[in-house]
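Visitor: Sequence below, structure please.
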Amino acid sequence: MYDIRRLILLRDLAEHTTMTAVSELHGITTSAVSQQLRILEDEVGVVLTRREGRVLRLTQTGRVLVDHTSRILAALEEAESAVSATLEAVTGVLTVATFRTAQMRLALPVTVRLRAEHPGLRVRLVDLRPVDSVPAVRQQDVDLAITYSYSFRSRDLPLGLASEYLFSDPLVLLAPPEWRERVREHGLGSLRDADWITAPDGEPSVASVHFACREAGFAPRIEHRSGSFESMAEMVEHGLGVTIVPEISVTDRHTGLVVCSIDNGIRHVGVTYRQASLERPAVAAAIRALRSIAQPLRLAS
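Guide: Okay, the predicted model is just below:
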């Protein structure tokens, strides 16, 4: 019988394509990963990987093994969830990934509620963007992830994962007072000559600025970049430019900077989980708490 730990290493190699990435993921040496995969190849009796430049790709047999590994892990988790469901108490450890702007409005209130209602449950929070948290759910590094997707960009979930909608978070334009009347009279197109503020390249929120400006018929002149929506709002407050941010990121201090919402610009917030874990009492309790706490936000949107 194949060792499930070696199968997991092969699965992660399929995802990350290098021994170094897999070793960092598991906290072991590259040579240890290589050794375990060689043992797995000896057990199977055929080559499981082939090198393509600097990365490793799976052979046909390797892909078959990874496909079955995902099913095995799902079956094991279903068994664990079924056993947990026979217990009355909600106990154990629950790891929840959340993106930064959802911490105050969702993740922290949910954690406080779960700890109060279920003293035997330990809840851990991890700050991850959806691009990282969804793979973390699939790989069972976290149990749940509070995630988002943009209305103008489709997202497909990996096999075995499901997502439940919680609320909609409109995208809003922040601008200094001198721009407000111009935008209200002539629309977003009046900002084609403005300096724009965005997150660093590669951050998902940058796409919202490009989407809105493209819809208005121009490309933004990006002059400033910041890693947090709060500091982007402060730049607007000091007259450095304009920006587009999710509404829940706007603090009371900066509500006066909001000019308007963006047409067809919405960030849909939800919770992503493994379907096999849904019977687990801790997971079910967390999803119920998220629904309850998100309800006022859902009604407001």
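
Visitor: Can you read off the pLDDT for the residue lying farthest from the centre of the chain?
Guide: Distance to the chain centre peaks in the chain at Gly45, reaching 38.1 Å (criterion: CA atoms, centre = their mean). The pLDDT attached to Gly45 in the predicted structure is 86.

Visitor: gap between stretch 158-165 and the chain center?
Guide: Relative to the chain's own centre, stretch 158-165 is displaced by 12 Å; criterion: CA atoms, centre = their mean, to the nearest Å.

Visitor: how about that stretch as CSV, C-alpha atoms only?
Guide: C-alpha atoms of stretch 158-165 as CSV (Å, rounded to 0.1, in the frame of the first residue of the first chain):
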residue,chain,number,x,y,z
PRO,A,158,-10.8,23.4,-7.6
LEU,A,159,-12.6,20.0,-7.4
GLY,A,160,-13.8,19.2,-3.9
LEU,A,161,-14.2,22.8,-2.8
ALA,A,162,-17.4,24.8,-2.4
SER,A,163,-18.1,28.4,-1.6
GLU,A,164,-21.1,30.1,0.1
TYR,A,165,-22.0,33.7,-0.7
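
Visitor: hmm, who's touching that stretch?
Guide: 70, 74, 134-135, 137-138, 147, 157, 268-276, 278, 287, 291 (CB atoms under 8 Å, 6 or more residues apart in numbering). Where C-beta positions appear, they are placed from N, C-alpha and C, glycine not excepted.

Visitor: Identify those among those residues that sit within strands.
Guide: Residues of those located in strands (DSSP state E): 147, 268-274.

Visitor: ok, so of these, who is nearest Val22?
Guide: Arg274 (20.7 Å; CB to CB).

Visitor: Can you report how many residues lie near Pro170?
Guide: By the criterion of other CB atoms under 10 Å, Pro170 has 16 neighbours.

Visitor: Check the gap between it and His210 for me.
Guide: Distance from Pro170 to His210, counting by CB to CB, to the nearest Å: 17 Å.

Visitor: what does Arg153 give?
Guide: For Arg153, the distance to His210 equals 11 Å [CB to CB].

Visitor: With Ala162 instead?
Guide: 30 Å.

Visitor: For the helix or strand of the chain with the lowest mean pLDDT, list every residue counted as buried.
Guide: When the helices and strands of the chain are scored by mean pLDDT, DSSP states H and E, helix 60-85 comes last with a mean of 77. For helix 60-85, the neighbour count (16 or more other CB atoms under 10 Å) marks 62, 65-66, 69-70, 72-74, 77-78, 81, 84 as buried.
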